[in-house]
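Novice: Next input, structure requested:
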Amino acid sequence: RVWVRRYVPAACRADNSSGCGLQVRFHGCGMAAPPDLGTMAFAEANSIVLLSPNVPGILNAGNNASDSCNAGSTVAGNCKEISRGCWDGYGQLSEGYVLQSAHHMQSVWRMVQHVAGLE
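Specialist: You can find the predicted model right below:
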């Protein structure tokens, strides 16, 4: 299950916030760190909403990635990175990881749709 941290500048919380930008900030392995003060100041000054989607690691409830994931496929056993909170960067979850239909990309797209009011 993928979840998100977000920073919404004051101008983007107003009723007339249609001119706000959106930046999706992917992270390396582990928990996504909140944006630093410089990044938040830049986002505030430029009306940019920051989304930092997070992949739960092995310590998070619901993550059952194991050595036997994708059994019988060419990506079998590649889930150790997912259990550490990494993105599916080279097929740990499925062979279609590069496609928009991939699990992680679909999760992030739903977040973008929600924030942008496209649902």
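Novice: which one's the longest strand in the protein?
Specialist: Longest strand in the chain by number of residues (criterion: DSSP state E): strand 48-54.
Novice: and that strand, which strands flank it?
Specialist: Paired neighbours of strand 48-54 in the sheet (DSSP bridges): strand 3-7 (antiparallel), strand 21-24 (parallel).
Novice: Tell me which of those is the most buried.
Specialist: strand 3-7 (a mean of 16; mean count of other C-beta atoms under 10 Å). C-beta: built from backbone N, CA, C; applies to glycine.
Novice: And the next helix or strand past that one?
Specialist: helix 10-13 (DSSP states H and E).
Novice: what comes into contact with that following helix?
Specialist: Ser17, Cys20, Glu44, Ser47, Val49 (C-beta atoms under 8 Å, 6 or more residues apart in numbering).
Novice: try it again with 10 Å
Specialist: With contacts defined as C-beta atoms under 10 Å, 6 or more residues apart in numbering, helix 10-13 is touched by 17-22, 43-49, 115.
Novice: before we move on, what about stretch 109-119?
Specialist: Outside stretch 109-119, the residues that reach it (C-beta under 10 Å, 6+ apart) are 2-4, 6, 8, 12, 17-18, 20, 22, 24, 49, 51, 53, 100-102.
Novice: contacting residues for Gly19?
Specialist: By C-beta under 10 Å, 6+ apart, the neighbours of Gly19 are Ala11, Cys12, Ser47.
Novice: Look up how far Met111 lies from the residue nearest to Trp3 when sequence neighbours are not counted.
Specialist: Nearest residue to Trp3, sequence neighbours excluded (C-beta to C-beta, 6 or more residues apart in numbering): Asn54, at 5.4 Å. Using C-beta to C-beta, to the nearest Å, Asn54 is found at 10 Å from Met111.
Novice: And Met40, by the same measure?
Specialist: 19 Å.
Novice: Could you check which of these two has the larger neighbour count?
Specialist: Met111 (18 against 15; other C-beta atoms under 10 Å).
Novice: shaky segments in the protein?
Specialist: 1-2, 15-18, 30-32, 56-83, 89-93 (pLDDT under 70).
Novice: Verify the stated contact: His103 with Tyr97.
Specialist: Yes: counting by C-beta atoms under 10 Å, His103 touches Tyr97, with 8.1 Å between them.
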